[in-house]
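Q: below are the sequence and a predicted model; questions follow.
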Amino acid sequence: METRLLSQFVPLNGLSPAVLSEIAAMAEEIALPRGRVIFHQGDDDPWLYFLLEGEVICQESDHAPRIVRSGTESARYALARTRPRGYSAVAATTVRVFRIDEHLLESRLGFDQATAYEVFEYDGNDDPAWMLQILAKPAFRNVPPAHANRMFGRFQPVPCKAGEVIIRQGEAANYYYLIREGRAQVARSEPDAPSLVLAALGPGDGFGEEALLTGERRNATVTLLSDGLLMRLSKQDFDALLKTPLVKSVDLEGARRLLQEGAQLIDVRLEEEFKQGTLRDSLNLPLYMLRLKAASLDPQKKYILFCQHEERSSAAAFLLAQRGLDAYVLSGGLAGLKPGAHSHQ
């Protein structure tokens, strides 16, 4: 879409030209015939709809319908922005609308305006397309704009060659990595057993968080499958800028409420530990297997993760958050529960 069109709408008119161009590339333009429903009252979808051309009937229960016409003051704003939606929108004529993910827009607004009005280390000279790709990831939507600015300012570029080992199983951990260009493979070795491939990674994927969060040595080896460019963040910056906003904790009472709402318990300890006693109705997904199994988890569910204390469950929560899953760490872990709270499987 043309940025000229988008700049007429609120709050897109608050974006810098560079970021507005990125948003324009991601906006979805839709043509609808007369009578077509755009959305229903009560919907809770993530989209913001803006009217480019035509007329829309806005119908709220027990209220007289009203008309929104393109080019008017009321049409400068998104239709029914609050959630759940307060009214249904129906095309009164042939219409053109465009829509964009509200989380993405809010993230870019926050980042763009923080960059414009606050002084951080980030100098704004990086590739906005790459930054937008990272901030569009579900996990990074919860990173405050100030943290995002500092994060991009402190990333260090690391050019790499195909076949290069970036982190090696058993080594000490110092950095978190994001893949900017290229592909990588995560593998784990066991004594007297073939290496197990845990995950294939591409642009926008991160790795190296487990050891930073647990304080242990690296539990897997990451090897570049192609030439690429990595961005790395020191442990100190990772803890300050990513761990704090992305790893959510819940106490026992909060966990009980989540379970009543349908949440699932996941024990991220080893199978041998799990067999010695765990929490009733919990699944066992050891941390080292979580990358491989994360795709099988229901994205509509909430997950409560636990281990003996909090180290492994914090790493697991960060990993799931990167994949858009709603995960919580049980505060204190099993060690913080009263005796008798465990059940044997």
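A: Happy to help now that I have it.
Q: against Lys301, how distant is Val197?
A: Separation of Val197 from Lys301 (C-beta to C-beta, to the nearest Å): 26 Å. C-beta here means a position set from N, CA and C on the backbone, and glycine is covered the same way.
Q: ditto for Val95
A: Applying C-beta to C-beta to Val95 and Lys301 gives a distance of 37 Å.
Q: residue ranges with poor pLDDT in the stretch 51-200 of the chain?
A: Counting by pLDDT under 70, the ranges of the stretch 51-200 of the chain that qualify are 107-129, 138-139, 141-142, 146.
Q: helices of the stretch 101-250 of the chain, start to end?
A: 102-117, 128-135, 145-154, 209-214, 235-238, 244-246 (DSSP state H, counting those that start in this stretch).
Q: out of those, which is the most enclosed?
A: Mean neighbour count (mean count of other C-beta atoms under 10 Å) peaks for helix 209-214 among the helices of the stretch 101-250 of the chain, with a mean of 24.
Q: with just CA atoms, put that one into PDB.
A: Taking C-alpha atoms only, helix 209-214 is exported to PDB below (Å, rounded to 0.1, in the frame of the first residue of the first chain):
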ATOM      1  CA  GLU A 209      18.900 -18.700  26.400                       C
ATOM      2  CA  GLU A 210      18.700 -22.000  28.300                       C
ATOM      3  CA  ALA A 211      22.200 -21.900  29.800                       C
ATOM      4  CA  LEU A 212      21.900 -18.100  30.500                       C
ATOM      5  CA  LEU A 213      18.700 -18.700  32.500                       C
ATOM      6  CA  THR A 214      19.700 -21.900  34.300                       C
END
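Q: pull the residues that contact that helix.
A: 172-173, 175-176, 216-220, 235, 238-239, 242-243, 247, 287-288, 311-312, 314-315, 318-319 (C-beta atoms under 8 Å, 6 or more residues apart in numbering).
Q: of the helices of the stretch 101-250 of the chain, which approaches Pro191 most closely?
A: Nearest to Pro191, of all the helices of the stretch 101-250 of the chain, is helix 209-214, at 19.6 Å by C-beta to C-beta.
Q: in JSON lines: the helices of the stretch 101-250 of the chain, plus distance to Gly86.
A: Output for those, formatted as JSON lines (distance: least, C-beta to C-beta, whole Å):
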{"stretch": "helix 102-117", "distance to Gly86": "15"}
{"stretch": "helix 128-135", "distance to Gly86": "28"}
{"stretch": "helix 145-154", "distance to Gly86": "28"}
{"stretch": "helix 209-214", "distance to Gly86": "40"}
{"stretch": "helix 235-238", "distance to Gly86": "41"}
{"stretch": "helix 244-246", "distance to Gly86": "30"}
